[in-house]
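Engineer: I would like the atomic coordinates for the input below:
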Amino acid sequence: METSPAGTPHRLDPAGGCPHADNARLLALGAVAPVELPGGIEGMAVLGHEALRDFLQHPEVAKDARHFTALREGRVGAGWPLLTFATVRGMTTADGEDHRRLRSLVSRAFTPRRVEELRPRVAELTDELLDGLAAAAGAGGGVADLRRHFALPLPMGVISELLGVEPKFRDRLHHLSNQVVATDIEPAEAVAANRELVAVLGEVAAGKAAHPGDDLTSALIAARDEGGDRLSQQELIGTLVLMIIAGHETTLNLITNAVRALCGHRDQLDLVRSGGADWADVVEETLRWDAPVSYFPFRYPVRDLTVDGTLIPAGTPVLAGYSAAGRDVAAYGEDADRFDVTRPARADAVRHLSLGHGAHFCLGAPLARLEAIIALERLFARFPELELAVPEVDLSRHASFVGNSVRDLPVRLAP
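Structural biologist: Below is the predicted model of the structure:
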């Protein structure tokens, strides 16, 4: 039976926090929920696994913000914290032929073969960062922030090298990326962060235009300069914005969440060490159990659409509820909220959706998986007794309902 989205929408807390209790409550009511976005903008979230999988590949669901009714009607201000997700010019906001064109320009850098060629460099960088983590712990009385010294610089270093971004830009780009994905940011700060991010990446692109190299930014500039409709300047900068943010924020959260999960479930860590599961299983179960992206903006039905019995009006901004779908008992059983690294081996028929589904499936998924597997394997080989230095409940959460992780991860490398 069709129901309407009427009723009290769930207010998504701009300050973020752990999403799982709210997700469970909402899922108990249905696979689709009305939500209130910052600024009182009405939206919807698709939370159930089956409903989300169908929605992500529905032919009448678009990514282009021209379908976003509230934006089109002028009800979304310039400082709205989620505006970049809607309006950045790139493959995540393109449909049809435009999407295929933009995706094809970068897809060759992320083929399984090209990613595999990066394995030695990822391993080398991982070992360098583990040395740095040990040094930081030595200077910190045995405790170091694993997120700052390891989980962050690994994916940022890899994507920066792929794009040809010099080290001098990297800390600033991470800071600005953090502000772009934050949902509790003030309007003036949001506007300033977006302008500076575009300016910094414009400086990177200008440097590559003057001195091309063997990197993806230089290749994109060459595509732009060939003329025709291959790539505009706006799309060039938009693509760099997306690559920087998606290329490190997601993997940063994935590595952080996996370490937290293993430290809180030592039996699962022992299972991996004994050969009962492997590090790839850890990565897949972390993606399902504690998705690095909780609610990803946006998709828009191009006509009124009924999803799992709930009407979503045309032009509604819809969030993909990855963290909720990962613990949907309808898909994963009554133990869906249990961290179990053997689950991937026995759940081939129910693949998690945390890296997307359909035409917009995460292009960097092979690279994110490679980085996380190498990072976890080498981290726990080097520091087998690594443990959290504070209780899990005392960790400060990410200030966003988009990203799902903690702000820092103090660890003790040895008891």
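
Engineer: doesn't F55 fall inside a helix?
Structural biologist: Yes: assessed by DSSP: H, G, I helix; E, B strand; the rest coil, F55 belongs to a helix.

Engineer: what residues are up against A261?
Structural biologist: Contacts for A261 (C-beta atoms under 8 Å, 6 or more residues apart in numbering) come out as Q268, V282, E285, T286, W289, D290, F339. Just so you know, the C-beta spots here come from the backbone N, C-alpha and C atoms, and that holds for glycine as well.

Engineer: Next, the buried residues of the top helix by length along the chain.
Structural biologist: Counting residues, the longest helix found in the chain (DSSP state H) is helix 233-264. By 16 or more other C-beta atoms under 10 Å, the buried positions in helix 233-264 come out as 235-263.

Engineer: circling back to that earlier point, neighbour-wise, which of the contacts of A261 leads?
Structural biologist: Counting neighbours by other C-beta atoms under 10 Å, T286 leads these with 28 neighbours.

Engineer: Give me the three-state assignment for that residue.
Structural biologist: What three-state DSSP gives for T286 is helix.

Engineer: pretty sure it contacts A258?
Structural biologist: Yes: using C-beta atoms under 8 Å, T286 is in contact with A258, at 4.2 Å.

Engineer: Next, show the common contact partners of the two.
Structural biologist: A372.

Engineer: Mind putting the contacts of A261 into JSON lines with pLDDT?
Structural biologist: JSON lines is the format used below for the contacts of A261 (pLDDT from 0 to 100):
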{"residue": "Q268", "pLDDT": "98"}
{"residue": "V282", "pLDDT": "97"}
{"residue": "E285", "pLDDT": "97"}
{"residue": "T286", "pLDDT": "98"}
{"residue": "W289", "pLDDT": "98"}
{"residue": "D290", "pLDDT": "98"}
{"residue": "F339", "pLDDT": "97"}
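
Engineer: just checking, which of the residues you listed belong to strands?
Structural biologist: Assigned to strands by DSSP state E, none of these qualify.

Engineer: which two of those lie the greatest distance from each other?
Structural biologist: For the contacts of A261, the farthest-apart pair by C-beta to C-beta is Q268 and D290; their separation is 12.8 Å.

Engineer: Report the set of residues contacting both of these two.
Structural biologist: Both Q268 and D290 are in contact with A261, F339, where contact means C-beta under 8 Å, 6+ apart.

Engineer: Next, name the residue at the spatial heart of the chain.
Structural biologist: T250 (3.5 Å; C-alpha atoms, centre = their mean).

Engineer: got a list of what it touches?
Structural biologist: Residues near T250 by C-beta under 8 Å, 6+ apart: P155, P292, V293, C362, G364, A368.

Engineer: try F383
Structural biologist: L130, A134, L413, A414.

Engineer: got the contact list for L173?
Structural biologist: Listed by C-beta under 8 Å, 6+ apart, the contact set of L173 reads M156, S160, V165, L197, V200, L201, I244.

Engineer: likewise H211?
Structural biologist: Contacts of H211 (C-beta under 8 Å, 6+ apart): none.

Engineer: Could you report the distance from it to Q233?
Structural biologist: Applying C-beta to C-beta, to the nearest Å, the value for H211 to Q233 is 18 Å.

Engineer: now swap in G315 and tell me
Structural biologist: Taken as C-beta to C-beta, the span from G315 to Q233 is 29 Å.

Engineer: And D95, by the same measure?
Structural biologist: The separation that D95 has from Q233, given C-beta to C-beta, amounts to 21 Å.

Engineer: With P415 instead?
Structural biologist: 55 Å.

Engineer: Likewise for G132?
Structural biologist: Here G132 is placed at a distance of 37 Å from Q233 (C-beta to C-beta).

Engineer: same check, this time on A151
Structural biologist: As judged by C-beta to C-beta, A151 and Q233 stand 33 Å apart.

Engineer: likewise A199?
Structural biologist: To Q233, A199 is 14 Å away according to C-beta to C-beta.

Engineer: do the same with S107
Structural biologist: For S107, the distance to Q233 (C-beta to C-beta) stands at 21 Å.

Engineer: What helix or strand is S107 located in?
Structural biologist: helix 96-107 (DSSP states H and E).

Engineer: Output that helix in CSV with nothing but the alpha carbons.
Structural biologist: The C-alpha atoms that make up helix 96-107 are tabulated as CSV, following Å, rounded to 0.1, in the frame of the first residue of the first chain:
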residue,chain,number,x,y,z
GLY,A,96,23.6,9.9,-18.9
GLU,A,97,26.1,10.9,-21.6
ASP,A,98,27.7,13.6,-19.5
HIS,A,99,28.3,11.2,-16.7
ARG,A,100,29.8,8.6,-19.0
ARG,A,101,32.1,11.3,-20.6
LEU,A,102,33.4,12.6,-17.3
ARG,A,103,33.8,9.1,-15.8
SER,A,104,35.7,7.8,-18.8
LEU,A,105,38.3,10.6,-18.5
VAL,A,106,39.5,9.3,-15.1
SER,A,107,38.5,5.6,-15.2
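
Engineer: Now do the contacts for the nearest residue to V180 once chain neighbours are set aside.
Structural biologist: Nearest residue to V180, sequence neighbours excluded (C-beta to C-beta, 6 or more residues apart in numbering): T84, at 5.2 Å. Applying C-beta under 8 Å, 6+ apart to T84 gives the contacts V180, N194, V241.
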